[in-house]
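Peer 1: structure, please.
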Amino acid sequence: MLDAYEKLFELIDKEIFFKSSINNIIYIQDTEIDRRWNNLKQDLLNNTPMTIRSYGRNGINSNLFQELYKILFNHQNIHIDRTNNDIPAKILKDLTPYCKKTKRVDGPKIRIMNYQISHLFGRTKNPLLFTAPWNIAYIPKYLDPFTGHESQGTTSREFKQIFNRLLSEKFKEYIQDYKQFIAVYADQEKLNDAIEQVRRNINKPLEEKTLINFKKDVYLQWSKIE
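Peer 2: Predicted coordinates for the structure are as follows:
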């Protein structure tokens, strides 16, 4: 078998590439993370407007998650991000010295190129983690072939393991706090009950395949981060 990634690392040192690449990720400043995270948890419990990424092809099933949060948290103000990354982009711009586009009104921001906004632990239909300051970062675009869902092979798996281990250690405090939140407000029993209530509340009966996929995606969106 011929693996293009292995050919790449015949040209450059793999260990140096991995270490240097991870060091080039731009995270939100640590001083901002704690305050923003605590505010987000209160926002979810207090019906303060929040956003999630759209769900389903062209967002056709986004209402299922909106209904879920009405039931699970009595939250009536979950909105769909207009670009699927608009709010995370604004948060990164506000809480780091960098932005992807600069205008005079931006002040002393440093423009970056060939970086992409990434949700480090995914879960973008989860209103806590869609804008959690420890879950979003600027990542060099050249890392996408190693971290993306479509990447395969030994080298990709090796990089993902290193990447995930580093993130889990860096944000250990918040990951543990998130687990505790799930245990109180979104354990499997509560999720099951809420999913069933969504099925009953939706005016148009859900197709079996849509319901099965929705259940699977709800469990994924509220799964623990290991």
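
Peer 1: now find how far off-centre stretch 134-142 is within its chain.
Peer 2: 10 Å (CA atoms, centre = their mean, to the nearest Å).

Peer 1: ugh, typo on my part, it should be stretch 119-135
Peer 2: 3 Å.

Peer 1: wait, residue 109 touches residue 98, no?
Peer 2: Yes. If you go by CB atoms under 8 Å, residue 109 and residue 98 touch, sitting 6.5 Å apart. Bear in mind the C-beta positions are built from the backbone N, C-alpha and C, glycine included.

Peer 1: which residue ranges of the chain form helices?
Peer 2: For the chain, applying DSSP state H gives helices covering 4-8, 14-23, 30-45, 62-73, 86-95, 144-147, 154-170, 172-185, 188-201, 208-221.

Peer 1: by contact count, what packs against the helix or strand bottoming out on mean pLDDT in the chain?
Peer 2: The least trusted helix or strand in the chain, going by mean pLDDT, DSSP states H and E, turns out to be helix 144-147, with a mean of 80. Other helices and strands packing on helix 144-147, by 3 or more CB pairs under 8 Å, 6 or more residues apart in numbering; DSSP states H and E, are helix 154-170.

Peer 1: got the angle for the helix it packs on vs helix 14-23?
Peer 2: Per axes from the mean of the first three to the mean of the last three CA atoms, to 10 degrees, the angle that helix 154-170 makes with helix 14-23 is 40 degrees.

Peer 1: now do helix 154-170, average pLDDT.
Peer 2: For helix 154-170, mean pLDDT rounds to 87.

Peer 1: flag every buried residue along that helix.
Peer 2: Neighbour-count burial for helix 154-170 flags 155, 156, 159, 162, 163, 167 (criterion: 16 or more other CB atoms under 10 Å).

Peer 1: contacts only, for the closest residue to the second one other than its chain neighbours.
Peer 2: On the basis of CB to CB, 6 or more residues apart in numbering, the spatially nearest residue to residue 156 that is not a chain neighbour turns out to be residue 146, at 5.5 Å. By CB atoms under 8 Å, 6 or more residues apart in numbering, the contact list for residue 146 reads 5, 155, 156, 159, 160, 163.

Peer 1: so how far is residue 226 from the residue nearest to residue 159 when sequence neighbours are not counted?
Peer 2: Closest residue to residue 159 in three dimensions, ignoring its sequence neighbours and counting by CB to CB, 6+ apart: residue 146, at 4.3 Å. Plainly put, residue 146 is 20 Å away from residue 226 if you go by CB to CB, to the nearest Å.

Peer 1: residue 176 too?
Peer 2: Residue 176 is 11 Å from residue 226, by CB to CB.
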